[in-house]
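Trainee: Give me a 3D structure for the following:
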Amino acid sequence: GWPMQQLPGLGNCFRDHLLPTISVDIPSGLCGNTGSVETEAVEATLTIYLELPKLGFFLGEGWNHVGMLERASFGLPEDLIEAFDAEAHYTPELEPSTYRKFLPKVRRTRHKYEAGYVVALAGSYRMMGAGVMSAYSALRSGAGIVRLFYPRETEGLIQGAPWELIKEPFVDEGNFYAALEKAKALILGPGMGRGKAEEKKCRRALAKTTIPVVIDADALFFLAQSPYMNVPEKSVLTPHLGEMKVLLEAYSFDKDPLLVGCQGIVEKKKVSLLLKGAPNILFSPGKLPTFLPFGNPGMATAGSGDVLSGVIAALLAGGLCPYKSAFLGCYIHGLAGAKAAESKTIYSMTAMDILESLPRLLLCFNKEEGHKRESTIRLRDFCCQEMHWRCGRIAPQSCLDWAEQMIVPYKSGTLRGNANFFRSL
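Mentor: Numbering: from 1, shown residues only. So this is what the prediction gives:
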């Protein structure tokens, strides 16, 4: 950090020009352990890290300063790298064909219930769109049937929902629990509201079901209010950072570092947790935290998380384990966001643009070359990307060639290689 203190204003100089900025090892001024910036730091277009990227790249302000990441070797023996005792993983954004094998298998004779039956308890008079988007994104992500239970007072609002959704007012609890007996996954919380009646529905739903639940939004609020509330194992929590801070305080992990606290919750509740942000971080019992750099700044828009909940629920209903569902769901959601940004720009895209991009994105999973681009880095490419995106100097995350096809785990502020990661999924 000291060069930026010795040369005040240098960071502004880098930001003001339109040429690409390349940092070697780490952007000057950025803390490699915490991602904090004391005064100012270089906002790089590309960071060429030496063997092992720093933890600070992915925490605090780090993601705003590193830009694209590229590994460079300076001769550190591979056996020494492998000797590190990893504490976290980092996975680059690869081609869709790389992840194709993780999608639920499709048999020629399958029926809609085999494809995946998802039930959603979501929406309210003020936020019916959240319930509809979460349910419809599950359909668009492979679920064969989705039943949305909505508040009776929203009857007039729900009429415009897609015809493919089964829409049923939450009048009789018996109908809801009968549906849960057949379902393979439940979406709970998007746009639900935070009243006493909603809290009762949430509490009883979690107490009576044994299927995996995608817990989001208002259901996370109720969970933080009653931390000892039952949560079915194999469920997936999807908080953003603000919701996560409330959960950490509720479970008395607020004094611990972020990664330690989040891991403490998943070990305690035996669930997976996808911390939404830039980058996303995936936690699961018995596994190391995993940084997932999927998505773009345009996805910071109302309803984006609701779409993600539906994608994950569809994968759960298709038979994937919670960890794979959250990992692959985050990837699909992020690349759908990249598709939306290509046509709508990061300024104008909405959550519905992400949802409507899901079919185009999933089509890439069936193409060997999918999103493949040249791996050669050209300064002119970076300059064009900067001119087009103009967003915190972060290059487009839809580029699938910016890091080697490897997983990199973290130890003492750095990350190391692990080629066996995909075989462990």
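
Trainee: Asn230 is in contact with Thr209, isn't it?
Mentor: No - between Asn230 and Thr209 there is no contact under Cβ atoms under 8 Å: 9.3 Å. Any C-beta I mention is one placed from the backbone N, CA and C, and that applies to glycine too.

Trainee: which one of the two has more residues nearby?
Mentor: Thr209 (21 against 13; other Cβ atoms under 10 Å).

Trainee: Give me the distance between that one and Gly144.
Mentor: Per Cβ to Cβ, to the nearest Å, Thr209 is found 19 Å from Gly144.

Trainee: Ok, Pro77 next?
Mentor: 51 Å.

Trainee: When these two are compared, which one has more neighbours?
Mentor: Each of Pro77 and Gly144 has its neighbours counted (other Cβ under 10 Å); Gly144 has more, 19 against 8.

Trainee: Surely the more buried one and Ala138 touch.
Mentor: No - the pair Gly144 / Ala138 is not scored as a contact, 9.9 Å apart, by Cβ under 8 Å.

Trainee: Next, show the common contact partners of these two.
Mentor: Common neighbours of Gly144 and Ala138, using Cβ atoms under 8 Å, 6 or more residues apart in numbering, are Gly116.

Trainee: what about Thr109, how many neighbours?
Mentor: There are 5 residues near Thr109, going by other Cβ under 10 Å.

Trainee: show me the contacts for it.
Mentor: Contacts of Thr109 (Cβ under 8 Å, 6+ apart): none.

Trainee: Next one: it from Ala115, what distance?
Mentor: 11 Å.

Trainee: got it, and Asp256?
Mentor: From Asp256 to Ala115 the distance is 41 Å (Cβ to Cβ).

Trainee: of those two, who's got more company?
Mentor: Ala115 (21 against 13).

Trainee: Give me the pLDDT for the nearest residue to that one once chain neighbours are set aside.
Mentor: Leaving aside its chain neighbours, Ala115 sits nearest to Gly144 (2.9 Å; criterion: Cβ to Cβ, 6 or more residues apart in numbering). pLDDT recorded at Gly144 is 97.

Trainee: Quick check: Gly144 vs Lys184, distance?
Mentor: Taken as Cβ to Cβ, the span from Gly144 to Lys184 is 10 Å.

Trainee: Could you tell me which residues touch both of these two?
Mentor: With Cβ under 8 Å, 6+ apart as the test, Gly144 and Lys184 both reach 116-117.

Trainee: Give me the most central residue, the protein.
Mentor: Against the mean C-alpha coordinate of the chain, by Cα atoms, centre = their mean, the closest residue is Cys330 at 4.0 Å.

Trainee: I'd assumed Leu282 was in contact with it.
Mentor: Yes - at 6.9 Å, Cys330 counts as touching Leu282 under the criterion of Cβ under 8 Å.

Trainee: Now list whatever residues contact both of the two.
Mentor: Contacts common to Cys330 and Leu282, judged by Cβ under 8 Å, 6+ apart, are 274, 292.

Trainee: in the stretch 51-200 of the chain, which spans are helices?
Mentor: Ranges of helices in the stretch 51-200 of the chain, per DSSP state H, counting those that start in this stretch, are 63-66, 78-82, 96-99, 112-115, 128-140, 155-158, 173-182, 196-208.

Trainee: Now do the buried residues in the fourth one.
Mentor: Spelled out, that is helix 112-115. 114-115 (16 or more other Cβ atoms under 10 Å).

Trainee: cool, and stretch 228-247?
Mentor: Buried residues in stretch 228-247, counting neighbours by 16+ other Cβ under 10 Å, are found at 229, 231-232, 234-240, 243-244, 246-247.

Trainee: would a markdown table of those residues with pLDDT, secondary structure and distance to Gly32 be doable?
Mentor: As requested, these are arranged in a markdown table below (pLDDT from 0 to 100; DSSP: H, G, I helix; E, B strand; the rest coil; distance: Cβ to Cβ, whole Å):
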| residue | pLDDT | secondary structure | distance to Gly32 |
| --- | --- | --- | --- |
| Met229 | 92 | coil | 39 |
| Val231 | 95 | coil | 36 |
| Pro232 | 95 | coil | 39 |
| Lys234 | 93 | coil | 36 |
| Ser235 | 97 | coil | 35 |
| Val236 | 98 | strand | 31 |
| Leu237 | 98 | strand | 29 |
| Thr238 | 98 | coil | 29 |
| Pro239 | 98 | coil | 26 |
| His240 | 97 | strand | 25 |
| Glu243 | 97 | helix | 28 |
| Met244 | 97 | helix | 23 |
| Val246 | 97 | helix | 29 |
| Leu247 | 97 | helix | 28 |
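
Trainee: Most widely separated two among those?
Mentor: Spatial extent of those (Cβ to Cβ) is set by the pair Lys234 and Val246 at 23.2 Å.

Trainee: I'd like the buried residues of stretch 228-247 laid out as TSV, including distance to Lys324.
Mentor: Conversion of the buried residues of stretch 228-247 to TSV gives the following (distance: Cβ to Cβ, whole Å):
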residue	distance to Lys324
Met229	25
Val231	19
Pro232	17
Lys234	11
Ser235	14
Val236	11
Leu237	16
Thr238	15
Pro239	20
His240	22
Glu243	23
Met244	22
Val246	27
Leu247	23
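
Trainee: can you list the weak-confidence ranges in the chain?
Mentor: 1-18, 367-425 (pLDDT under 70).

Trainee: If we use 80, what do you get?
Mentor: Across the chain, the ranges flagged by pLDDT under 80 are 1-19, 52, 81, 84-87, 92-98, 365-425.

Trainee: Next SSE downstream of whichever helix in it runs longest?
Mentor: Secondary structure of the chain read by DSSP state H shows that its longest helix is helix 322-348. Later in the chain than helix 322-348, the nearest helix or strand by DSSP states H and E is helix 351-364.
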